[in-house]
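[1] I would like to see how this sequence folds:
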Amino acid sequence: MRAFLKEIARDLYTFFTSITLAIVLISLIALLALLGTLIPQETFTREVDYIARYGVEGYNTLKKLQLTNIFGSWYFLFLMALFTLNLAACTHKRLMASWRYWKLPMGFIRPEDLKRFEHSYAISGSVCSDASPKIREVLQRHGYRVREHNSQILAEKWRWERFGIDVFHISLVIVIFGGLVTMLFGYRTFAIAHQGDVLRLPGADFAVRVNRFWSENYKNSERVMDWRTELTVIENDKEILTKTIEVNAPLRYKGYNFYQSAFGTDWQGAARVTLALFRADGTALGEFVGTVDDGFAVPSENIFVKIGAFLPDFALTENLIAYSRTQRLENPAVFVEIYDAQGFRLMRTWAFSRPEMQRFWETTMARVGGETPYRIKLVGMTAPEFTGLQITKDPGRPIVYFGFLFVIVGLLVHMYFKHRQIWVHISENEIVIAGMVRNNLKSFAEEFRRLVREIERLQIVTHPESELVV
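    Numbers count the residues shown, from 1 in each chain. From the prediction side, this is the model:
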């Protein structure tokens with residue numbers, strides 16, 4: 001049984017250390033990320049905007065497939081978990097190889113073999129008795145750790161650089177882990193707030209009040225330069241701090257971040273409209289004022305008019321779904337429903353501000369649906385200004401920052417440090433100097449020539465006959 005489990009573990013290890021698996025996972029993750037940029041994600045997109053773009057059936061399909069929330073979908077998290085295991089297994093495999101490299105000591109190499117090195121130099125002549133300590137001093141001055149073995153000087157430096165790429169791989173695992181922590185335990189939303197609103201967040205023991213907000217324009221221009229919102233943190237019924245936020249200058253408190261994200265008139269969320277109501281025979285019943293998601297009663301008719309929605313720029317999709325093309329008052333319309341005293345719905349319709357749209361709508365409805373007991377016209381509208389706040393909680397951020405720090409460290413070590421080894425074989429009639437560098441950097445050739453010149457200037461060989469071995 002133990003042998004069987006070992007075989008399974010070996011197969012799993014081989015599977016997760018596969019480069020092919022890494023390529024497939026990276027490709028799938030990149031594909032999903034691309035879809036996430038092409039399909040608006042639900043954090044900042046309203047349902048009506050999805051319906052306007054894709055239709056009811058298309059929106060339902062996207063939602064069922066979790067394509068409106070790709071980065072929080074089960075399959076994206078599953079791919080990220082697989083990729084993390086793949087990266088961790090590959091890192092372990094490489095780390096073991098690096099550890100074996102680290103433990104492998106420099107050894108004695110015969111002088112005739114040293115002469116075959118790419119970087120090799122031989123000095124022939126009578127060698128002084130104090131040659132060894134002088135050469136050791138030169139090598140140490142250049143940062144080499146030096147020891148002697150069998151009349152041969154062994155010098156090396158930066159052996160630890162082999163771990164640089166391992167640090168890079170480990171840091172990637174840390175970054176991905178931080179991202180998964182944020183996906184699983186983080187919080188992200190977009191809130192439209194009005195002056196005086198108090199925002200309460202799930203899991204937070206404090207609230208945030210919107211004191212005021214304003215925009216600043218460029219001098220002598222209508223172009224907006226900046227949006228600003230003054231927020232106050234309230235905890236245990238006490239005002240803790242007040243801060244004015246702007247783009248790229250958020251409020252941060254207990255792991256939550258409040259970013260200035262938008263600014264405008266809240267037509268669709270808090271419009272206050274004035275409607276003129278008529279009986280079917282043309283009798284005017286007066287003008288009435290109500291707000292979206294509320295309405296007003298008409299006592300003389302014993303009816304209630306509910307205001308379901310307001311669109312500042314009314315349009316219809318191919319599937320006859322109403323939506324607003326823009327947030328400007330280009331073609332304002334209000335959706336109303338009328339109920340009798342028993343709560344029975346008498347009718348539903350759209351009312352328009354533009355007369356030609358009102359006539360077109362009434363004519364169309366009369367043609368397809370017969371007579372309606374009342375006619376409604378949109379005669380006025382107002383809406384409060386709003387500030388748009390992006391609110392996030394990112395518990396994985398410190399982990400990601402820590403990981404990125406080590407990404408930089410690993411890359412710098414890998415790019416600018418290479419393990420270098422120098423052998424100096426000293427005999428009575430010859431000194432053979434040979435060097436080796438991992439990945440054979442060209443910069444080592446210059447360093448090797450510098451070392452050879454310094455050793456030659458020591459004048460430790462009498463009547464030298466130098467021979468460059470290539």
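[2] CA only for contacts and neighbour counts going forward, please
    Fine.
[3] which strands and helices sit next to the one helix or strand I422 maps to?
    Using DSSP states H and E, I422 sits in strand 420-426. Judged by 3 or more Cα pairs under 8 Å, 6 or more residues apart in numbering; DSSP states H and E, strand 420-426 is in contact with strand 152-157, strand 430-437.
[4] Which strands border it, and is each parallel or antiparallel?
    Pairing partners of strand 420-426, with direction, according to DSSP bridges: strand 152-157 (antiparallel), strand 430-437 (antiparallel).
[5] What is the subsequent helix or strand relative to the last one?
    Tracing the chain past strand 430-437, the next element assigned as helix or strand by DSSP H and E is helix 442-457.
[6] Centre of the chain to that following helix, how far?
    The chain centre lies 47 Å from the centre of helix 442-457; the measure is Cα atoms, centre = their mean, to the nearest Å.
[7] what's the angle between that helix and strand 430-437?
    160 degrees (axes from the mean of the first three to the mean of the last three Cα atoms, to 10 degrees).
[8] Quick one: residues in contact with helix 442-457.
    H119, Y121, I135, V138, L139, R420, I433, G435, V437 (Cα atoms under 8 Å, 6 or more residues apart in numbering).
[9] What segments of the protein are helices?
    With DSSP state H, the ranges of helices along the chain come out as 2-16, 19-38, 47-64, 74-103, 111-114, 131-141, 164-185, 267-270, 355-369, 397-416, 442-457.
[10] Distance from the chain centre to the longest one, please.
    When you say that, I think you mean helix 74-103. 21 Å.
[11] From the contact counts, what lies against it?
    helix 2-16, helix 19-38, helix 164-185.
[12] would you list these in CSV and tack on mean neighbour count, distance to A315 and mean pLDDT?
    Below are these laid out as CSV (neighbours: other Cα atoms under 10 Å; distance: least, Cα to Cα, whole Å; pLDDT from 0 to 100):
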stretch, mean neighbour count, distance to A315, mean pLDDT
helix 2-16, 12, 52, 78
helix 19-38, 14, 23, 88
helix 164-185, 21, 36, 86
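[13] Nearest approach to D340 belongs to which of those helices?
    D340 lies closest to helix 19-38 among these, at 45.8 Å (Cα to Cα).
[14] where's V400 relative to S443, distance?
    34 Å (Cα to Cα, to the nearest Å).
[15] Which one's more surrounded, those two?
    Between V400 and S443, V400 has the larger neighbour count (other Cα atoms under 10 Å), namely 22 against 9.
[16] Before we move on, what's the pLDDT of that one?
    On pLDDT, V400 comes in at 90.
[17] again, but for V292
    Reported pLDDT for V292: 89.
[18] Next up, the contacts around it.
    V292 is in contact with Q268, G269, A270, A271, R272, V273, I307, G308, A309, F310, counting by Cα under 8 Å, 6+ apart.
[19] Once you drop chain neighbours, what's closest to A191?
    Leaving aside its sequence neighbours, A191 sits nearest to L389 (Cα to Cα, 6 or more residues apart in numbering; 5.2 Å).
[20] Correct me if wrong: the one you found contacts L251.
    No: assessed by Cα atoms under 8 Å, L389 is found out of contact with L251, at 10.6 Å.
[21] what is in contact with those two at once?
    F258, Y259.
[22] Domains of this protein: list them as residue ranges, please.
    Structural domains annotated on the chain: 2-101, 111-158+418-469, 172-263+387-408, 269-383, as defined by automatic domain parsing.
[23] Quick one: end-to-end distance for the longest one.
    Start to finish, the residues bounding domain 269-383 are 9 Å apart (Cα to Cα).
[24] what is Y256 paired to in the beta sheet?
    In this entry, Y256 is beta-bridged to Y253, K393, by DSSP bridges.
[25] burial count for it?
    With other Cα under 10 Å as criterion, Y256 counts 19.
[26] Let me know the pLDDT of K157.
    So, for K157, pLDDT stands at 93.
[27] Setting the sequence-adjacent residues aside, check what's closest to it.
    Excluding its sequence neighbours, the residue lying closest to K157 (Cα to Cα, 6+ apart) is Y144, at 4.9 Å.
[28] Please tell me how far the one you found sits from W423.
    Taken as Cα to Cα, the span from Y144 to W423 is 11 Å.
[29] again, but for L411
    Note on L411: its distance to W423, by Cα to Cα, is 28 Å.
[30] for Y416, same thing?
    Per Cα to Cα, Y416 is found 22 Å from W423.
[31] Same check on N86?
    40 Å.
[32] rewinding a little: between L411 and W423, which is the more surrounded one?
    Higher neighbour count among L411 and W423: W423, with 25 against 17, using other Cα under 10 Å.
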